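Undergrad: please work out how this folds:
(chains A, B, C and D)
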Protein chains: 4
Amino acid sequence: MTEPVFDVAHLGHIEIYTDKFDESLDFFTRVYGLKLSTLGGDSAYLRAWDDYERHSLKLTRNHTTGVGHIGYRVSSEAALERRVAAIKASGYEVLGWTDGDLGHGRAFRFVDPFGHVFEIYWDTVKYEPAPDDRPALKNMASRFHAQGACPRRLDHVNLLAEDVTEFRDFMQTCLGSRVTEQIRLDNGRLGGCWFTVNNKTYDLACTEEHGRGNGRLHHVTYATDQREDILRAADIFLENCVHIETGPHKHAIQGTFFLYVWEPAGNRVELANAGARMILQPDWKTVTWTETERKKGQAWGLKTIETFHTHGTPPMKGEA
Amino acid sequence: MTEPVFDVAHLGHIEIYTDKFDESLDFFTRVYGLKLSTLGGDSAYLRAWDDYERHSLKLTRNHTTGVGHIGYRVSSEAALERRVAAIKASGYEVLGWTDGDLGHGRAFRFVDPFGHVFEIYWDTVKYEPAPDDRPALKNMASRFHAQGACPRRLDHVNLLAEDVTEFRDFMQTCLGSRVTEQIRLDNGRLGGCWFTVNNKTYDLACTEEHGRGNGRLHHVTYATDQREDILRAADIFLENCVHIETGPHKHAIQGTFFLYVWEPAGNRVELANAGARMILQPDWKTVTWTETERKKGQAWGLKTIETFHTHGTPPMKGEA
Amino acid sequence: MTEPVFDVAHLGHIEIYTDKFDESLDFFTRVYGLKLSTLGGDSAYLRAWDDYERHSLKLTRNHTTGVGHIGYRVSSEAALERRVAAIKASGYEVLGWTDGDLGHGRAFRFVDPFGHVFEIYWDTVKYEPAPDDRPALKNMASRFHAQGACPRRLDHVNLLAEDVTEFRDFMQTCLGSRVTEQIRLDNGRLGGCWFTVNNKTYDLACTEEHGRGNGRLHHVTYATDQREDILRAADIFLENCVHIETGPHKHAIQGTFFLYVWEPAGNRVELANAGARMILQPDWKTVTWTETERKKGQAWGLKTIETFHTHGTPPMKGEA
Amino acid sequence: MTEPVFDVAHLGHIEIYTDKFDESLDFFTRVYGLKLSTLGGDSAYLRAWDDYERHSLKLTRNHTTGVGHIGYRVSSEAALERRVAAIKASGYEVLGWTDGDLGHGRAFRFVDPFGHVFEIYWDTVKYEPAPDDRPALKNMASRFHAQGACPRRLDHVNLLAEDVTEFRDFMQTCLGSRVTEQIRLDNGRLGGCWFTVNNKTYDLACTEEHGRGNGRLHHVTYATDQREDILRAADIFLENCVHIETGPHKHAIQGTFFLYVWEPAGNRVELANAGARMILQPDWKTVTWTETERKKGQAWGLKTIETFHTHGTPPMKGEA
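TA: Have a look, this model is predicted:
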C-alpha cells in the first residue's frame, strides 16, 4: 500500500435537481432542517447549521430529479494544482474550469464514466452568520435552530454506476479516495464501494445500477449528533407526510444508524449517525462483504426493502 | 497558513502509572470496560473494543501515578523518517529509538519541555481477535462485549504544562499538530490549547499547570458512541463507588459531552462524545476563548469544579 | 396501612402568574414547546402535545409571578362528591364551587395552610384537534409539532411551605395523596415531600420555604419522552438566552433526570424524565432521605446550586 | 362508563416454560439482564433490578414452552376478597386457592376460556437486597448491575386467543381491566386488545390466534428506561447470537418503541419503552384501529414480519 494522499480535504456540496422546487425547498428547510443561505436564480443554496461553507446543498429547479454535480474541497491551492494535473492525465472526461458559484471560487470539473459531474475547488466562501444567526458558542458555524430534523453537517452522497469497479478506479485516480468497505458479489463484480478522502468512514458510496439509468443518484445524507435525533426525525417525517422508505435501523456495512425518506420530488435523502466510529488507521484494509453476508440483512436482521435496490433519481423510463 | 501536515496519523496509546495496580486494572476492565490484551511484567495492555491496535492504554505498576508516555502512530514509514528528522532538528530533547513494545515496533522517543515523554512509530501489531472475541460484524475490531461503560475507542489525553505557548510550539514542530481551539487569558498567556493531527476535533489538550508539578497528567479520555452511553456510565460509576468529579455535562470548548471520574489510584479518566462534530476544514481558524467567556462556565452554565483546576497526577507535594 | 384512595385521577392543570405576559407566552410556546389552545382575557390556555385536556397550563397576566391555582381531575362524578365531602369536613379553608373555566366544568376550590389554592373537578373539555393539528397516529392527543423543547405532558408542580408536615397532612386529607419519598432533616422537620395520587412517582412536591414567603411556587414541570430530549432542550434554551439554573443531571430523590430554567418572568420551569420508573406497588413504603444523605448532592454528585434553595415566585421582599 | 375499578394493582409475574432450561436461564440472566433471586426445584425465580417483588419471571423446566401462569397483585386484602367473589360469580373456570410460591403468599387461580391460568394474590415477598446487591440510591429496589440488556421492570405479557372479544369480557369481569386500544377487523372480530389495570398504557395484550393453538403465549416484555437501551440491547443480542425477529422500531398501537427476540427455547421476548406516555385519563375512550389502518405497518411504515402473526409458544403441531 502506498502512502495516503491528502490533497482532497472533504466532500463540500451536492447539487440536487427537483421538478417540484417549492415543495422540495419547503421539505429541506422546514422538515429536514437545513438553513437557506441564498435563493438565487433557479437554485436555493442550503447548509446544515454546523456546515462552515456557504452551502452544502444546492437545490436546483429542473425538468427532472437526480444529482447536478458533486463538489469536493481540496486542502490547499497547491493540492488543487496537483489534483487537476492528475485528473487531466487520467484520461477521464474533463469539463475544465468554471468561475465558481455563489458559495465558492473557481472549480475544476470532470466526469465519471457513468455521467456524474464532479468538481474540485479551493477558494470558498465561509459562512458568516448574521446577528440573528450567531450561535451561543463561538465554535459553532451558526445557531442551532432546532428546526425539523436539524442535522449537523453534510455527510455523504451515494451514486449509482453500472460498473462499480470502474467507478472505484475513477475515485482513486481522480480524488485519491480510499475504499473503506466494499461488497463482492458471487459473480465477481463489486456490488458497492464506500470511499473516503479523510477520517470519515465514508463520504461517497457507489452501488450497482440495476437498471439502465445513467448518472443516477441513490441518496444524499446529512449527519446527526445522536441516534436519538434520528428516532425523533422519524416522528417529524411521519407528521409531515414524508415517505419513509426504511429505518431507523443500523447498517451492517459501516455500522451507520440510518433513516431513508424521499423528498417531495422523489430524491432519496438519509439521516445518519456513525457514533464515534472513524477511520484513523492509515493502512486500513478494505473490509469486503460477500453476497451471502449481505443476504443476512442489516445489522439487526432487517431485510433490505426492494425499492432500495431499484429506486434512484431521475427515475428510469417506465418508472413511476 | 501553510499546507496541513499529515505525517502523523493518530494518537495511538497512553501509558499510565498506578500505585494501586490491581484496583486500577479492575476499574479499567470491569467498570470502565476496556479489554485486556496482555498482562506482562509490570504492565497491562488494554484496548477499547473498536481500537484496532493491540493496545491503546498501557497500565504500569509504579510507585506513583501519572503518565508514562504518549504514543502517536505515523502515516507511513516515510512519514516516520520525515518526522524523526524534524524532531532531531528541532532542538527538543531526544531519547532516541526504542525496540518497541508488545503492541508495536520500533519507536522514536522525545520529550516536551515539561517532561512528558512522546514516541512515534509506524510498525504496529493489529489486534486479531481470538474466536471468542470475534465480532458479529466484520468491520469491528473485536466483539462489543457490553462490559461496564464500554467506550468505543481511545479519544485524547490532556497534559499539564507551566507554559502552554511553549507546549504549543513543541506540538506544531514535532507532530505537525493543528490548534483547533485555545484559551487566551487576560494576562496574555495561553490557558489551554486543543490539538489535532487529523479530522478529530482534538486528540491532545494542554492546560496550564497551576502548581509546580512537572510532566503531569490531567486526564485520559475514551470516546462513546452516544451521549446516552455516558449517562448510563454515570450510574455504573455510582454503583461501583467510583469518584465522579464532574459531569455529565457539555463543554463549551469543543462542544464535547463529558464525564470525569478518578480511577482508584487517582488518575482522572474521562468519557466523551463529540456527536458528529469533526474538523474537516483544511484552513480551520483557531477558535480563541477569552477569560471572560470561560467564566460563564460550561455550555449549559455549570461552573467548573475547583478540583478540575488543581488535581493532576502524580499529586504535587503536600497534595493528598 | 389503609387501602389506597383512588378518587383523584391526576394533576390536571396549573395556573401561573406572570408580570411579563408576552415574553412568558413566547417562551412557553416557541421555546418550551407548548401549544396555545385559547387566548382569552388575561390568560393563555396552553397544553403539551399529548395532554388530553384543553389546557394543562393557564398563563395569567398579573402584577406579580407565582402560582394562581392547582387543579386536579377526579375519577368520576361520585368521586368528586366524596372528595368535596371530605374536604368540607376537614376544617381546611374552603372557597367553594366555581363555574369552571374555558377548559373544564364546575370546580371546587380550597386552600392549603400556606395559601396555595387548589381545585378539583370532573367535567372537562377534551382537546379536539383541528384538521391541521390532527396527529398521524390516532392514539395521540394532537400532532407532535416538534417546536422547541416539546415535552409530552404535564408532570408535576413543586410548592413551598413553611411546615412541610402540615402540608403533608393537607394533601393526604384532601386528595388522598400518597407520600412516595421525603426528606427528614436533622432537626426532625420534613425538608420535602413527594406526593402522588396515581402510579406516577410524584405529581406534586413540597419543599420547605426558607424565607417568609407565602403560597410560593418552586417550579412547574413537564415530562419528556427521553433524556436526550432534555439534553437537546438545553441547547435550545442556550440559543434562546433562557437562564439555565441547573442540570441536566439526575436527582437522587425519585431518580428523575432534570433541567431547570427560569422563564422570562422568573418562574422556575423544569423538564424531567423518569425513565420507566412508576409506583405500581400498592403498599409502597415511603423512602426517607436524611440530611446527611442529601448533602451528598444529586445522583452523580452534583452539589445543589444555592438559588435552588432560595429562589421561588413571587420573589420575597428585597429579592431582585 | 362506570367508575374505574382499582382492586387489582399491577401485573406481578409470569411463569414461562422452557425445554432448554440451562440455555434459557443463561439468556435471561447474562444476556437479557435479569437477576436470579432463587434457583429452586425446576424453577428459577428472576426479577429486573427495579422490580420490588422477589420475582417477576418464573422460568420453569418443562417438556415444552409457553406460559405457565400469569400473576396479578391486588391492592389490599379486602380487594382480594372482592375480586375472588367476582371471579367465583363469573362462571369462568376456577382452580381455587394455592398456598403461594417462593415469592408470594396464597393465591387464587382461575382460567380464561382459552386455557391460560391466572392468579391473584396480596401477600408478597418484597425483595431485600443482600449487601452486595444494595443500590447506591435507596429508592431503587436493588443495584443497577448493568448486565446485558438490563431492563428496569416487568412490563406486560401478550397472549393468544381464538376469540379476542371473549377474552376481553374475561379480563373486564375478572380483573376489572380497561381496554386502552384495540383492533377491529373488517370481519367485525377483534384482532387484538390492550388492557390495563392501572396508569400503564397496557399490562396485558391479547391478539387473535391464527392457528388451532390453545393457551399460547405471544411474548413477555420488560421495560427499559430509554430507547437507547433498546438500540444497545440489539447489539448485545447480535453479539450473543440471539434470534432478533423484528425491531427496533415503534408500534403505531400504543406508540411503544420495541425489539423482539426469541430466547433459546423459542419463547418470544420483548424489550419496550413507552416514553412518558401513561393513561392518566379516568374516562379514556378506547382507541380502535381498523384493518386498513393496521396495513400501513408500524409507526414509521415497517411492515409487520410474517412470523409475528404465526409464531407463538408452545409451537403448534407441525411447526418447527
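
Undergrad: just the helices in chain A please.
TA: A:21-26, A:77-90, A:164-175, A:227-239, A:291-294, A:306-310 (DSSP state H).

Undergrad: deepest-packed of those, please.
TA: helix A:227-239 (a mean of 23; mean count of other Cβ atoms under 10 Å in any protein chain shown). Any C-beta I mention is one placed from the backbone N, CA and C, and that applies to glycine too.

Undergrad: report all helices and strands that that one contacts.
TA: The contact analysis (3 or more Cβ pairs under 8 Å, 6 or more residues apart in numbering or on different chains; DSSP states H and E) places helix A:227-239 against strand A:243-250, strand A:257-262, strand A:268-273, helix C:227-239, helix D:227-239.

Undergrad: how about JSON lines for those, with distance to C:Glu15 added?
TA: As requested, these are exported to JSON lines (distance: least, Cβ to Cβ, whole Å):
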{"stretch": "strand A:243-250", "distance to C:Glu15": "40"}
{"stretch": "strand A:257-262", "distance to C:Glu15": "40"}
{"stretch": "strand A:268-273", "distance to C:Glu15": "40"}
{"stretch": "helix C:227-239", "distance to C:Glu15": "23"}
{"stretch": "helix D:227-239", "distance to C:Glu15": "34"}
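
Undergrad: quick check: closest non-adjacent residue to the closest residue to chain C within the stretch 51-200 of chain A.
TA: Residue nearest to chain C within the stretch 51-200 of chain A: A:Ala136 (4.6 Å; Cβ to the nearest Cβ). In this structure, A:Ala136 finds its nearest non-sequential neighbour in C:Leu238, 4.6 Å apart by Cβ to Cβ, 6 or more residues apart in numbering or on different chains.

Undergrad: hmm, C:Ile244 and that neighbour touching each other?
TA: Yes: with contacts defined as Cβ atoms under 8 Å, C:Leu238 counts as touching C:Ile244 at a distance of 6.8 Å.

Undergrad: shared neighbours of those two, anything?
TA: Both C:Leu238 and C:Ile244 are in contact with B:Trp300, where contact means Cβ atoms under 8 Å, 6 or more residues apart in numbering or on different chains.

Undergrad: what's stretch A:112-120 in contact with?
TA: With Cβ under 8 Å, 6+ apart, stretch A:112-120 has contacts from A:8, A:67-74, A:80, A:83-84, A:87, A:92, A:95, A:98, A:107-111, A:159-163, A:166-167, A:170-171, A:174-175, A:209, A:214-215.

Undergrad: can you flag which of those belong to strands?
TA: A:8, A:67-74, A:95, A:98, A:107-111, A:159-161 (DSSP state E).

Undergrad: PyMOL command to pick out the buried ones of the residues you listed?
TA: Buried members of the ones in strands among the contacts of stretch A:112-120 can be picked out in PyMOL with the line below, counting by 16 or more other Cβ atoms under 10 Å in any protein chain shown:
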select buried, chain A and resi 8+67+68+69+70+71+72+73+74+107+108+109+110+111+159+160+161
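
Undergrad: so which of the ones in strands among the contacts of stretch A:112-120 are also by chain B?
TA: A:Arg73, A:Val74 (Cβ under 8 Å from any Cβ of the partner chain).

Undergrad: how about the residues of the stretch 51-200 of chain A near chain B?
TA: Checking the stretch 51-200 of chain A against chain B by Cβ under 8 Å from any Cβ, the hits are A:52, A:73-76, A:78-79, A:137-140, A:151-153, A:155, A:181, A:198-200.

Undergrad: go again with 10 Å.
TA: The stretch 51-200 of chain A comes close to chain B at residues A:51-53, A:73-79, A:122, A:124, A:126, A:136-141, A:151-155, A:180-181, A:194, A:196-200, as judged by Cβ under 10 Å from any Cβ of the partner chain.

Undergrad: just the buried members of these?
TA: For these, buried by 16+ other Cβ under 10 Å: A:51-53, A:73-76, A:79, A:122, A:124, A:136-137, A:139-141, A:151-155, A:180-181, A:194, A:196-200.

Undergrad: below-threshold pLDDT in chain A: ranges please.
TA: Chain A contains residues with pLDDT under 70 at A:1-4, A:211-213, A:318-320.

Undergrad: residue in it nearest to chain C?
TA: A:Glu228 (3.7 Å).

Undergrad: contact partners for that residue?
TA: A:248, A:257, A:273, B:226-228, C:225-229, C:231-232, D:226-228, D:231 (Cβ atoms under 10 Å, 6 or more residues apart in numbering or on different chains).
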